[in-house]
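> quick one, structure for this:
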Amino acid sequence: MADNRDELLRAIKDEVLALEASPLYNERVSHGVFPVIGEGSHTANIMFVGEAPGKNEAKTGRPFAGAAGKILDQLLVSVGINRPDVYITNIVKDRPPFNRDPLPEEIIIYGPFLDRQIDIIQPKVIATLGRFSMEYIIRKFGLEKELKPISKMHGTSVTAQTSYGPIEIVAFYHPAVAIYNQHSKETLFEDFKILQKHKLI
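Okay, the predicted model is just below:
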């Protein structure tokens with residue numbers, strides 16, 4: 001698997017680029033922007049999963065490239081993680097108009113690409129950023145009984161079983177909440193310490 005990860009992930013990129021069936025495909029074409037597939041190490045121990053790209057991400061094709069990305073970078077530094085060592089992606093690979101929340105049908109269309117990314121990279125930790133990714137990942141691994149509002153789950157982890165062994169799912173607020181709310185930023189920094197406490201790095 002390790003030998004052909006690059007090839008398998010490139011195939012996902014090609015499929016998303018050609019995904020005319022997506023309701024967001026026309027947005028991409030009409031605005032001359034890009035899908036955001038993912039970025040980082042293809043052998044990462046930690047995978048961060050957000051919800052959907054924003055304006056800056058769609059312009060550049062890079063995940064977390066705007067204000068929320070700067071906060072994510074600060075959070076990573078705070079626990080001694082180098083951004084190139086992790087893999088960062090979203091459930092939905094194209095930007096919803098006006099940065100609205102992703103719709104259920106959009107998550108259904110793009111979710112299988114995320115599932116394949118997880119299977120290919122085989123992270124030991126999946127860190128969810130925001131409630132949509134938290135709910136998707138928790139349900140994906142059949143842990144619905146563990147599901148609570150993000151206000152209760154942030155900064156906590158649950159163990160899931162995968163085809164390649166056990167992993168930890170860690171729930172975090174989306175870094176965007178901290179852009180205008182200093183208290184939320186402090187909470188995020190405190191929550192990220194779980195990666196050190198549980199030796200998940």
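> could you use CA atoms for every contact and neighbour count after this?
OK.
> any chance you could map the helices in the protein?
For the chain, the helices defined by DSSP state H occupy 5-17, 25-31, 55-60, 67-78, 104-121, 131-140, 150-153, 182-192, 194-197.
> most packed of the ones you listed?
Burial of these is given as mean neighbour count (mean count of other Cα atoms under 10 Å); helix 131-140 ranks first at a mean of 21.
> what helices or strands is that one leaning on?
Secondary-structure packing of helix 131-140 (3 or more Cα pairs under 8 Å, 6 or more residues apart in numbering; DSSP states H and E): strand 46-50, strand 165-172.
> the longest one pairs with which strands, parallel or anti?
The strands that strand 165-172 pairs with in its sheet are strand 125-129 (parallel), strand 157-162 (antiparallel) (by DSSP bridges).
> tell me who's in contact with the residue most central in space within the chain.
Nearest to the mean C-alpha position of the chain, by Cα atoms, centre = their mean, lies residue 49 at 1.2 Å. Contact analysis of residue 49 by Cα atoms under 8 Å, 6 or more residues apart in numbering lists 88-91, 126-129, 133.
> do you know the pLDDT at it?
pLDDT for residue 49: 98.
> and if you look at the one 10 residues further on?
The confidence metric pLDDT takes the value 95 at residue 59.
> now it. Nearest residue, chain neighbours left out?
residue 33 (5.1 Å; Cα to Cα, 6 or more residues apart in numbering).
> show me the shaky parts of the protein.
Applying pLDDT under 70 to the chain flags residues 1-3, 198-201.
> circling back to that earlier point, who wins for proximity to residue 84 among the strands paired with strand 165-172?
Closest of those to residue 84 is strand 125-129, at 15.5 Å (criterion: Cα to Cα).
> which positions in that closest one come out as buried?
125-129 (16 or more other Cα atoms under 10 Å).
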